[in-house]
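Student: my questions concern the predicted model and sequence given below.
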Amino acid sequence: MPVYLPIAEMSVDAGLLLGIGLGVGWLSGLFGVGGGFLLTPLLILIGIPAPVAVASGANQTLGASVSGLIAQWRRGNVDARMGVVLLVAGLAGSFAGTQLFVLLRRLGQVDLAVSLFYVVVLGTVGALMVRESVRAIFRRRRAAPARTHQHSWLHGLPFKMRFRQSRLYISVIPPALVGFGIGILSAIMGVGGGFMLVPAMIYVLGMPTGTTIGTSLFQVTFVSANVTLLQALQTGSVDVVLTLLLLAGGVAGAQFGAAMGTKLRGEETRALLGLLVLGVAISLLVALVRTPGSLYLLGPVT
Amino acid sequence: MRGATLAAALLAAALIAAPAQAQREGQPAPPPQAGPALAAELAQPRIAVDTAFTGADLLVFGATDRLLGPSGDNVVVLGLGAPRDVVVRRRVRRLGIWVNGPSARFREVPNYYALAATAPVADLLDEPARRERRLGLELMTARLPGPREPEFRQALIDLKHASGGWNEEASPVEISGGRLFHARLPLPSTIATGDYVVQVMLVRANRIVARQELSFRVDRVGATARIADFSRGQPLLYGLACVVLAALAGWLGSVVFRRG
């Protein structure tokens, strides 16, 4: 059934949007990522103008992560205190990242910078996650005792804080730095940052996988609400019809994903997310290297 | 519904044609000013873009005072959208990666272009006349202000053609009853809102002897219009509404699928 999108100014098949929403929402609930890094390229692929895809993608991420957040909250998987620390630092980071984005645009080739950023960040994160989780799976097979996290210089820092749900007693400085860094990256890459946040919480902060998913959703909810508002104000490219169609599929998918996530072991979830992130990085790299079908494109007037 | 529109249009065309015919029959020696040589009209002066809009065909119809066809007069119909600036970029390979390379900026590029005629336009008019009236994508783009490289102009034609925004002689102007004609200009679902112009030209002996300019508007209506106006007029409220709606949808989903 075709439906006309008022802001994108084009007609798209509603069933296609529902299907995309369902798939991305399922991944979002399963891995605690907003799914923006998958959704935005998919929307551009089906012909939605890039600014509308980015802005409406952020809005759909908001709805999907609220749905996932409620599901995770019921299971006690949300560390609200950690979430607030990450969020405050993340908002500061995204402000700094926006300034950096403006600077990159002034230097030209911002498209290329974003694409390369995606490939490098996704490739690194994905490869590290796959490597670590595969090791963890083998270690479990050999029934060797696994440490929850290593003690390093990070644990000697001041301003210690107790994060009850994560069973952590650490300084606020590492989570604040993680939040700030991911804020910068998500502003440049135009995504919520969940796919970077989950591994960072696991490997840098040493949080248990179950809690990271709920806490990441907590952070992604607020970041995507902020992005939606800023996009509506500055570019006017949030398409509410597109968003709600994606959400209709997305919220259902997120619930199924969250239910399935509880059946998977932490390292299995991490291995799957790692593979997914790595897969997106590889497909983006292929797109950069392969000879395009048309050597020319219509660009926006700058 | 489309058939009914066409029938009504042809009836209207016949009515337009009637006075011209009557006048000529009344006077045995037809003077040159006897009635209009060409009368054309659009089936809809306004294209309404609602939530179910998937593109449309704009029906242009009319009548002429002399017989149309291979041995007689011919009609050329040209639809044009508002002029806009467009940048065409070429991708180049640097260090094995495809990046945006040189670009060409063209000014006053019509965002919509459709050409139809009763016979191939190239056979009807010579090149200077076609260039003056922008009849043909190549002649039209050659006139656009911008860099001279022909490959960028050809790329502009190819890209606009592929998006459905530009087309030339995709289907002919149909003739019925010798003096009535009608053409359908295809409007893609991505058509921009705003004012459009349709020029109808009567060609006789390789010259344009009569010309009529019609206009139509593409407007959003209903929910589509309200959403677009709201997002433009009250961006802050619209943004907040988007946030609340998305959060509500998320909450609703978690309630509905709680046991699923």
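Tutor: Sure, I can see it. All figures in this text were calculated on a predicted structure; none of them were measured in a lab. Numbering: from 1, shown residues only, chains lettered A, B, ... in the order given.

Student: pull out the buried positions in the helix or strand hosting A:G25.
Tutor: Using DSSP states H and E, A:G25 maps to helix A:14-31. In terms of neighbour count (16 or more other Cβ atoms under 10 Å in any protein chain shown), helix A:14-31 has its buried residues at A:17-18, A:20-31. Glycine gets a C-beta too; all of them are placed from N, C-alpha and C.

Student: of those, closest to chain B?
Tutor: A:G25 (8.4 Å; Cβ to the nearest Cβ).

Student: the closest one contacts A:A71, doesn't it?
Tutor: No. A:G25 is beyond contact range of A:A71, at 11.2 Å (criterion: Cβ atoms under 8 Å).

Student: spit out the residues that contact the two alike.
Tutor: A:A254 (Cβ atoms under 8 Å, 6 or more residues apart in numbering or on different chains).

Student: can you count the residues close to the residue nearest to B:I191 when sequence neighbours are not counted?
Tutor: Leaving out its chain neighbours, the residue that sits closest to B:I191 by Cβ to Cβ, 6 or more residues apart in numbering or on different chains is B:V218, at 5.6 Å. The criterion is other Cβ atoms under 10 Å in any protein chain shown. On that basis, B:V218 has 20 neighbouring residues.

Student: do the helix or strand following the helix holding A:G25 and chain B meet?
Tutor: Going down the chain from helix A:14-31, the next helix or strand is helix A:36-45, by DSSP H and E. No. Helix A:36-45 stays clear of chain B (Cβ under 8 Å from any Cβ of the partner chain), getting no nearer than 13.1 Å.

Student: try stretch A:242-261
Tutor: Yes. Residues of stretch A:242-261 contacting chain B under Cβ under 8 Å from any Cβ: A:T243, A:L244, A:L247, A:A248, A:G250, A:V251, A:A252, A:A254, A:Q255, A:F256.

Student: angle of the helix or strand containing the first one against helix A:14-31?
Tutor: In this case it means A:T243. Using DSSP H and E, A:T243 sits in helix A:240-261. Interaxial angle of helix A:240-261 relative to helix A:14-31 (axes from the mean of the first three to the mean of the last three Cα atoms, to 10 degrees): 40 degrees.

Student: what is helix A:240-261 packed up against?
Tutor: Judged by 3 or more Cβ pairs under 8 Å, 6 or more residues apart in numbering or on different chains; DSSP states H and E, helix A:240-261 is in contact with strand A:2-5, helix A:14-31, helix A:50-74, helix B:222-233, helix B:235-256.

Student: and with 6 Å instead?
Tutor: Contacts defined by 3 or more Cβ pairs under 6 Å, 6 or more residues apart in numbering or on different chains; DSSP states H and E place helix A:240-261 against helix A:14-31, helix A:50-74, helix B:235-256.

Student: distance check, B:L135 against chain A.
Tutor: 23 Å (Cβ to the nearest Cβ, to the nearest Å).

Student: count the neighbours of the closest residue to that residue other than its chain neighbours for me.
Tutor: Take B:L135 and drop its neighbours on the chain: the residue closest to it by Cβ to Cβ, 6+ apart is B:V121, 5.1 Å away. B:V121 sits with 23 neighbouring residues when counted by other Cβ under 10 Å.

Student: I figured B:A39 hits B:F61, correct?
Tutor: No. Using Cβ atoms under 6 Å, B:A39 is not in contact with B:F61; the gap is 9.7 Å.

Student: ok now do the residue nearest to B:A155 when sequence neighbours are not counted, which residues does it touch?
Tutor: The shortest distance from B:A155 to any non-neighbouring residue, by Cβ to Cβ, 6+ apart, is to A:Y296 (3.6 Å). Residues in contact with A:Y296 (Cβ atoms under 6 Å, 6 or more residues apart in numbering or on different chains) are B:V88, B:R90, B:A155.

Student: what's the burial count for the second one?
Tutor: If I follow you right, that is B:R90. Look at B:R90: counted by other Cβ under 10 Å, it has 17 neighbours.

Student: what sits against it?
Tutor: Counting by Cβ under 6 Å, 6+ apart, B:R90 makes contact with A:L295, A:Y296, B:G101, B:P102.

Student: so what does the residue nearest to B:L135 look like in phi/psi?
Tutor: With angles defined as degrees, to the nearest 10, B:V121 sits at phi -60, psi -30.

Student: ok, A:G214 next?
Tutor: Dihedral angles of A:G214 (phi, psi; degrees, to the nearest 10) stand at phi -60, psi -40.

Student: run through chain A and note the low-pLDDT ranges.
Tutor: Counting by pLDDT under 70, the low-confidence segments of chain A come to A:32, A:34, A:105-111, A:143-158, A:189-191, A:299-302.

Student: and the residue of the stretch 201-302 of chain A nearest chain B?
Tutor: Minimum separation of the stretch 201-302 of chain A from chain B (Cβ to the nearest Cβ) falls at A:V251, amounting to 2.4 Å.
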